[in-house]
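>>> My questions are about this predicted structure, shown below with the sequence.
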Amino acid sequence: MILERLREFAQRKSDELPPPGYAPMKISWIIELDKDGKLLGAIPTKGEGKQKFIERMAPNPNLTGKRAVNIKAGLLADTAEYAIGKSSAAKEARPERLALMHADFLEKVDACAAVLNDQDIQTISTFVKRSDLADEPLLQELDGGDWVTFRVEGRLVIDKPTVQAYWSQSQSEAKRTGDCMICGSIKVPLVDLQPVALKSVPGGQSAGVQLISANTDVFESYGLKSALIAPMCKPCAELSHNAINYMISNERQNFRLRDVIFLFWTRENIEFDFRSFFNDPNEDSVKELFKSVYGGQQMATNLDANNFYMLALSGSGGRAVVRDWIETSLPSVKKNLYQYFAGQQISGGREPYQKLMALAGATVRDLDDLAPWVSLSLVEYAIKGTPLPPALLSIAVRRCAIGKTNPGTHEREHVNAQQAALVKLCLISENKRSNKAYAEDWMIKLDTTNEDPGYLYGRLFNVLEQIQEAATGGNSVERTFGTAIMSPVSTLPRLVARSTVHTRKLMRDKRGAAINYTKLLDEIQGKLGPDLAFKKQLNAEEQGLFVLGYWHQHAARFEKRGESEFNEQNN
């Protein structure tokens, strides 16, 4: 199914993908010839900045398997070792091997010239047969490892449709025939090695990775090896893999989260930037999304008549690992995206909606410690509405319990807007799983009517922090946050008793503040009951509510003072 959808996408983007048998090659030089084969010079193809080459579509010498140490020349484009027999400074080849490499390149040029009867190719053939090319003064800047191609009278020969068709046909030989699992063609030549490597897959080799490959008995079935375990014809293999490379190189069709790259596309072409919703959610775009889902408005992109696909990949050595695959309808995607953004709204944040990486990063001290399943779970929740795993709430709460030192104030902080938003999402997801009525607009800001013990404990803890800070200028209460969120009875009674000392001090120094804090304590403790019987332990949901209560009370403190002061305090 994945490969079939990729093939469909490639067919739709045929004008933007390499011709059959071609691949992007790092061409560093173009050798200019006149019609008689006279050398006019070598033109460098400088890329942007320090890049020493420009990628061009050229015949792919690896179509029938990676050449590695084998001698396999490309057609009319290859390294200078193959094209003109010039040795590489970095890895000098033996003279006899260099001669064989150049001979193989010349053989392919002559074979093409004989079939196509093309004068430009004959001209190139005449030129590369010269025995003094390695010492030619006009070619001295070329290194043997540089890729080169040829231009005759201003015509780039590898771009000719006749050359492209010849190369594709000449590389169609296969060791085995069978039925293609993608297009369904019967008794067609099958590829035994994937002709196109996937480039720039996180965690993969720089030379590229294979999506389908088997090299040990445990992965081989019915005597099928390498890519034959998933039999496909060469056109389908090229199309599906070129589609992946196209999306990897097109930033509007992918986003990366550490070691995973997410590729997304639709059945029909649309102008809808999914990437921005995850990397940098825009408030206006999200509002339009809300209106399209619940306001009866149709987005200008005609989403409802379309399907959505997403493929998550990472690399492991020379292989690609499929982390996730999503196929769903666009109306469903819109609705789930709405729920994802609506569910994370919370007071006190600088931005109304969080970047996906910020939510995932709320579970770890350092992003290098981020587990792939965390970001995958959030993406599945946003796109498919798949419930978040219960473990996500646990690690989010644990991260809050540990806290993090603020580099500006050098004080330990336990909850920030991203962590509070993630906890809120987890609670909404968990309660949907158990069919509780937690709507997406639930618990956006302080709820003074909420009498859940976990929520009240969180509010109480924050008020006790505020009282101590106001009275002494310090905050030793925060040291007990981790204990209080797990076992309130072991911490909160002692903190409540100590607060009376701080309140009396405030009555002398800041009477107005003392009265306000006393009212807050009375309101919260009144909901907990006259005996203040604190629980010995809180379950995962109650711990999440503790975090929300703490954050809501913290954010409410600044609502009256203004957002500018809040942002200064939470840099």
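Structure's in. What do you need? Residues are numbered from 1 along each chain as shown.
>>> Helices along the stretch 201-350 of the chain, start to end?
Using DSSP state H, counting those that start in this stretch, the helices of the stretch 201-350 of the chain run over 234-249, 274-279, 283-294, 330-344.
>>> distance between the longest one and the chain's centre?
Chain-centre distance of helix 234-249: 18 Å, with C-alpha atoms, centre = their mean, to the nearest Å.
>>> cool, and the shortest one?
For helix 274-279, the gap between its own C-alpha mean and the chain's C-alpha mean amounts to 10 Å (C-alpha atoms, centre = their mean).
>>> who does it touch, helix- and strand-wise?
Judged by 3 or more C-beta pairs under 8 Å, 6 or more residues apart in numbering; DSSP states H and E, the packing partners of helix 274-279 are strand 254-257, strand 260-266, helix 283-294, helix 356-361, helix 372-384. Glycine gets a C-beta too; all of them are placed from N, C-alpha and C.
>>> Least confident of the ones you listed, on average?
Looking at these, the lowest mean pLDDT belongs to helix 283-294 (a mean of 72).
>>> just the helices in the stretch 401-550 of the chain please.
Under DSSP H, counting those that start in this stretch, the stretch 401-550 of the chain gives helices at 417-433, 453-472, 481-486, 492-509, 511-528, 540-559.
>>> Just give the closest residue to Phe127, not the sequence neighbours.
Gly37 (4.5 Å; C-beta to C-beta, 6 or more residues apart in numbering).
>>> May I ask you to confirm that Tyr166 is in contact with Val115?
Yes - counting by C-beta atoms under 8 Å, Val115 is a contact partner of Tyr166 at 6.1 Å.
>>> before we move on, the earlier item: any chance of the helices and strands packed on helix 274-279 in CSV, plus mean neighbour count and distance to Val321?
Shown next, in CSV, are these (neighbours: other C-beta atoms under 10 Å; distance: least, C-beta to C-beta, whole Å):
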stretch, mean neighbour count, distance to Val321
strand 254-257, 21, 14
strand 260-266, 23, 9
helix 283-294, 15, 31
helix 356-361, 22, 18
helix 372-384, 21, 9
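>>> gap between the two ends of stretch 522-535?
19 Å (C-alpha to C-alpha, to the nearest Å).
>>> Can you mark which positions in that stretch are buried?
Ile524, Lys527, Leu528, Phe534 (16 or more other C-beta atoms under 10 Å).
>>> For the first one, list the residues it contacts.
Meaning Ile524. Leu456, Arg459, Leu460, Val463 (C-beta atoms under 8 Å, 6 or more residues apart in numbering).
>>> and of those residues, the nearest to Pro488?
Leu460 (8.7 Å; C-beta to C-beta).
>>> Now the closest one. Nearest residue, chain neighbours left out?
Ile524 (5.0 Å).
>>> where's the one you found relative to Arg5, distance?
Distance of Ile524 to Arg5, given as C-beta to C-beta, to the nearest Å: 54 Å.
>>> how many neighbours does Thr500 have?
12 (other C-beta atoms under 10 Å).
>>> And it, what's its pLDDT?
pLDDT at Thr500 comes out at 89.
>>> Likewise for Arg399?
93.
>>> so it is in which element?
helix 390-402 (DSSP states H and E).
>>> Give me the buried stretch members for that helix, please.
Leu392, Leu393, Ile395, Ala396, Val397, Arg399, Cys400, Ala401.
>>> Turn the helices of the stretch 401-550 of the chain into a markdown table, columns for distance to Lys46.
What follows is these, written out as a markdown table (distance: least, C-beta to C-beta, whole Å):
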| stretch | distance to Lys46 |
| --- | --- |
| helix 417-433 | 43 |
| helix 453-472 | 59 |
| helix 481-486 | 57 |
| helix 492-509 | 67 |
| helix 511-528 | 67 |
| helix 540-559 | 53 |
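>>> Once you drop chain neighbours, what's closest to Leu367?
Leaving out its chain neighbours, the residue that sits closest to Leu367 by C-beta to C-beta, 6+ apart is Gly361, at 5.4 Å.
>>> before we move on, back to that, pick out whichever of the contacts of Ile524 sits closest to Gly144.
Nearest to Gly144 among these, with distances taken as C-beta to C-beta, is Arg459, at 71.6 Å.
>>> which ones are touching Met1?
Trp325, Glu327.
>>> related to what we said a few turns ago, which of the helices of the stretch 201-350 of the chain sits most buried?
helix 234-249 (a mean of 23; mean count of other C-beta atoms under 10 Å).
>>> Could you tell me the angle between the direction of it and that of strand 260-266?
Interaxial angle, helix 234-249 versus strand 260-266 (axes from the mean of the first three to the mean of the last three C-alpha atoms, to 10 degrees): 110 degrees.
>>> one step back: so can I have TSV of the buried residues of stretch 522-535 showing distance to Glu251 and pLDDT?
TSV is the format used below for these (distance: C-beta to C-beta, whole Å; pLDDT from 0 to 100):
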residue	distance to Glu251	pLDDT
Ile524	49	92
Lys527	51	90
Leu528	52	88
Phe534	52	90
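>>> Could I get those in TSV, plus columns for distance to Ser170?
Compiled in TSV, the buried residues of stretch 522-535 are given as follows (distance: C-beta to C-beta, whole Å):
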residue	distance to Ser170
Ile524	80
Lys527	81
Leu528	81
Phe534	80
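>>> Can you check the pLDDT for the residue sitting furthest away from the middle of the chain?
The centre of the chain is farthest from one residue, Arg508, which by C-alpha atoms, centre = their mean lies 56.9 Å away. Looking at Arg508, its pLDDT stands at 89.
>>> so how far is Arg494 from it?
23 Å.
>>> cool, Leu39 as well?
For Leu39, the distance to Arg494 - C-beta to C-beta - is 89 Å.
>>> can you check Ala197 too?
Going from Ala197 to Arg494 by C-beta to C-beta gives 63 Å.
>>> Counting neighbours around each, name which of these two comes out higher.
Neighbours were counted for Ala197 and for Arg494 using other C-beta under 10 Å; Ala197 has more, 21 against 11.
>>> That one and Ser206 touch, don't they?
No - contact criterion C-beta under 8 Å: Ala197 and Ser206 do not qualify, at 10.3 Å.
>>> okay, now Ile124: neighbour count?
Ile124: 26 neighbours (other C-beta under 10 Å).
>>> got the contact list for the one helix or strand it maps to?
Following DSSP H and E, one finds Ile124 within helix 119-128. By C-beta under 8 Å, 6+ apart, the residues outside helix 119-128 that reach it are 31, 33, 35-37, 39, 76, 83-84, 102, 105-106, 109-110, 112-113, 133, 150, 152-153, 155, 157, 160, 163.
>>> pretty sure Leu211 contacts Leu198?
Yes - Leu211 lies in contact with Leu198 (C-beta under 8 Å); the separation is 6.1 Å.
>>> Give the intersection of the neighbour lists for those two.
Joint contacts of Leu211 and Leu198 (C-beta under 8 Å, 6+ apart) are His241, Ile244, Ala320.
>>> For Tyr340, state which of these is nearest.
For the shared contacts of Leu211 and Leu198, the nearest to Tyr340 is Ile244 (25.7 Å; C-beta to C-beta).
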